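Colleague: Need the 3D shape of this:
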Amino acid sequence: MIVCENVWKTFRTQGKKKAVAKGINAVFPTGVAVAILGRNGAGKSTLMNLIAGSQKPTRGRIWSDGTISWPVGFAGSFHGELTGAQNTRFIARVYGVDTDMLSDFVEDFAELGSNFHAPFRTYSSGMRSRLAFGISMGIRFDTYLVDEVTSVGDQRFKDKASKVFHQRIGASGAIVASHSTNVIRDLCSKAAVLENGTLTMYDNVEDGIAHHMENMKK
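Modeller: Sure thing, here's the model as predicted:
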């Protein structure tokens, strides 16, 4: 379970304050996949980063009674001079999982071939995403954070990634931010709509999608 208690997040841009979270109170239950819907710039990625702990709320707090992944596919914290294999083993040690097991899983899943043993700085954006997604899926979390999972790789790899992700959320929960209603319907059973800093929760994913589509007409 992840709980947001009176969460505010404000930024100052061009001398003006902008609030992307205005006193959000929400509960994301254990073992449930919840969609985060909102127009571009609504603050979906910021909310994901707040839940991940990579950003701090301006006010309020977020707490959980389980483990939370970093945003799936995020490759920003990898060391450029280390190989994909070395980055994988380092992360395995940080999270206390078997290094050989995670390395074997990622090498097979990410399909990087010999590049798995090349420096991360030489990777294309697609290779970086595949490595990051593989590491994310190779570690068991109580809740996975997913920001546009469909952006990973070509269609064949997307299908492969979707299959593995379904297996993971069968035992874990997820918070999924995506512009694709097909992806949302495929992965999620509940939804939350972020608009003007306010988060509205829905027990039925179709109700959340309907609210979001109405917002998009305005």
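
Colleague: next SSE after the lowest-mean-pLDDT helix or strand in the chain?
Modeller: For the chain, counting by mean pLDDT, DSSP states H and E, helix 155-169 ranks last in confidence among helices and strands (a mean of 82). Sequence-wise, the next helix or strand downstream of helix 155-169 (DSSP states H and E) is strand 173-177.

Colleague: List the buried residues of the helix or strand that that following strand is followed by.
Modeller: Scanning forward in sequence from strand 173-177 by DSSP H and E, the next helix or strand is helix 181-187. Across helix 181-187, burial judged by 16 or more other CB atoms under 10 Å covers 181, 183, 184, 187. C-beta coordinates here come from the backbone N, C-alpha and C atoms, glycine included.

Colleague: my read: residue 24 touches residue 60, true?
Modeller: Yes: contact status for residue 24 versus residue 60: in contact at 7.5 Å, counting by CB atoms under 8 Å.

Colleague: so what's in contact with the two at the same time?
Modeller: 4, 6, 7, 8 (CB atoms under 8 Å, 6 or more residues apart in numbering).

Colleague: Which of the residues you listed ranks first by neighbour count?
Modeller: Most neighbours among the shared contacts of residue 24 and residue 60, by other CB atoms under 10 Å: residue 7, with 23 neighbours.

Colleague: one step back: quick check, nearest of the buried residues of helix 181-187 to residue 135?
Modeller: residue 187 (19.7 Å; CB to CB).

Colleague: Per-residue pLDDT of the closest one, please?
Modeller: In this prediction, residue 187 carries a pLDDT score of 87.

Colleague: Quickly note the distance from it to residue 114.
Modeller: According to CB to CB, to the nearest Å, residue 187 and residue 114 sit 33 Å apart.

Colleague: swap in residue 160?
Modeller: For residue 160, the distance to residue 114 equals 20 Å [CB to CB].

Colleague: These two: which is more packed in?
Modeller: Under the neighbour definition other CB under 10 Å, residue 160 and residue 114 were set side by side, and residue 160 has more, 17 against 6.

Colleague: on that earlier part again, export the buried residues of helix 181-187 as CSV, with columns for distance to residue 195.
Modeller: Listed next are the buried residues of helix 181-187 as CSV, based on distance: CB to CB, whole Å:
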residue, distance to residue 195
181, 16
183, 20
184, 16
187, 21
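
Colleague: Rank those residues by pLDDT and give me only the lowest.
Modeller: Minimum confidence in those sits at residue 183, scoring 84.

Colleague: Tell me if I'm right that it and residue 174 touch.
Modeller: No: distance between residue 183 and residue 174: 11.5 Å, which falls outside the contact criterion (CB under 8 Å).

Colleague: got the buried residues for stretch 123-134?
Modeller: Buried positions in stretch 123-134, judged by neighbour count with 16+ other CB under 10 Å: 123, 127, 128, 129, 130, 131, 132, 133, 134.

Colleague: CA atoms of it as CSV?
Modeller: Extracted C-alpha coordinates of stretch 123-134, given in CSV (Å, rounded to 0.1, in the frame of the first residue of the first chain):
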residue,chain,number,x,y,z
TYR,A,123,24.5,2.4,-25.8
SER,A,124,21.8,3.8,-28.0
SER,A,125,18.6,5.1,-26.3
GLY,A,126,16.8,1.9,-27.2
MET,A,127,19.6,-0.3,-25.7
ARG,A,128,19.5,1.8,-22.5
SER,A,129,15.8,1.4,-22.2
ARG,A,130,16.0,-2.4,-22.7
LEU,A,131,18.7,-2.7,-20.1
ALA,A,132,16.8,-0.6,-17.6
PHE,A,133,13.5,-2.4,-18.2
GLY,A,134,15.3,-5.8,-17.9
